[in-house]
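Peer 1: sequence? don't have it. structure:
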């Protein structure tokens, strides 16, 4: 696989837009709706937001390590254990959305200031292997979209069940 040292044209826009996309899709949900609707894997839409919030500091640490060190090792982490230990699953959705937005605003501001040389800096992920800052940021954008999709699919599944005869469409 060829190493990527540039961002996709939409990476920083996705990172900047994820908090408002989450708020637009989920901000009006009741706490019961945010917690009780679950996907096939057992995740609620609150879990999706809690997971994004939990991962944000680790993602930033990886980027900062690559920017500040020569090819650092980026250790894999147990995402499930981290989420459980964070306590975020117990917080109201509105607080999760606010905290995620506050972190992401700071991160995007930092990332917008990076240079082409910064994007080319490398690290060694303990499972995935060699990676660049650009690849990490592109991955974070993908990760955001994947969990936005997961939350939307969870809501769509609940709406689908209530469509009755309209399910033929």
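Peer 2: Okay, I see it. In this text the structure is predicted, and so the values were computed from the model without any measurement. Numbers count the residues shown, from 1 in each chain.
Peer 1: tell me the first helix or strand C-terminal of the helix or strand hosting residue 34.
Peer 2: Applying DSSP states H and E as the criterion places residue 34 in helix 31-36. As assigned by DSSP H and E, the chain's next helix or strand after helix 31-36 is helix 45-68.
Peer 1: buried stuff in the helix holding residue 34?
Peer 2: Within helix 31-36, the residues scored as buried using 16 or more other C-beta atoms under 10 Å are 33-35. To be clear about C-beta, it is placed using only N, CA and C from the backbone, and glycine gets the same treatment.
Peer 1: contacts for that helix?
Peer 2: Contacts to helix 31-36, defined as C-beta atoms under 8 Å, 6 or more residues apart in numbering, come from residues 26, 44-46, 92-93.
Peer 1: now the helix or strand harbouring residue 25, how far from the centre of its chain.
Peer 2: Per DSSP H and E: residue 25 is located in helix 11-26. Helix 11-26 sits 10 Å away from the centroid of its parent chain (C-alpha atoms, centre = their mean, to the nearest Å).
Peer 1: now the angle from that helix to helix 45-68?
Peer 2: Angle, helix 11-26 to helix 45-68, by axes from the mean of the first three to the mean of the last three C-alpha atoms, to 10 degrees: 160 degrees.
Peer 1: please name every helix or strand in contact with helix 11-26.
Peer 2: For helix 11-26, the contact count by 3 or more C-beta pairs under 8 Å, 6 or more residues apart in numbering; DSSP states H and E identifies helix 45-68, helix 93-112, helix 133-161 as packing neighbours.
Peer 1: please identify the most buried of those helices.
Peer 2: Of the helices and strands packed on helix 11-26, the one with the most neighbours on average (mean count of other C-beta atoms under 10 Å) is helix 45-68, at a mean of 20.
Peer 1: and the next helix or strand past it?
Peer 2: strand 73-74.
Peer 1: that older thread, so for residue 11, which of the helices and strands packed on helix 11-26 sits nearest?
Peer 2: Residue 11 lies closest to helix 133-161 among the helices and strands packed on helix 11-26, at 4.6 Å (C-beta to C-beta).
Peer 1: much appreciated, bye for now.
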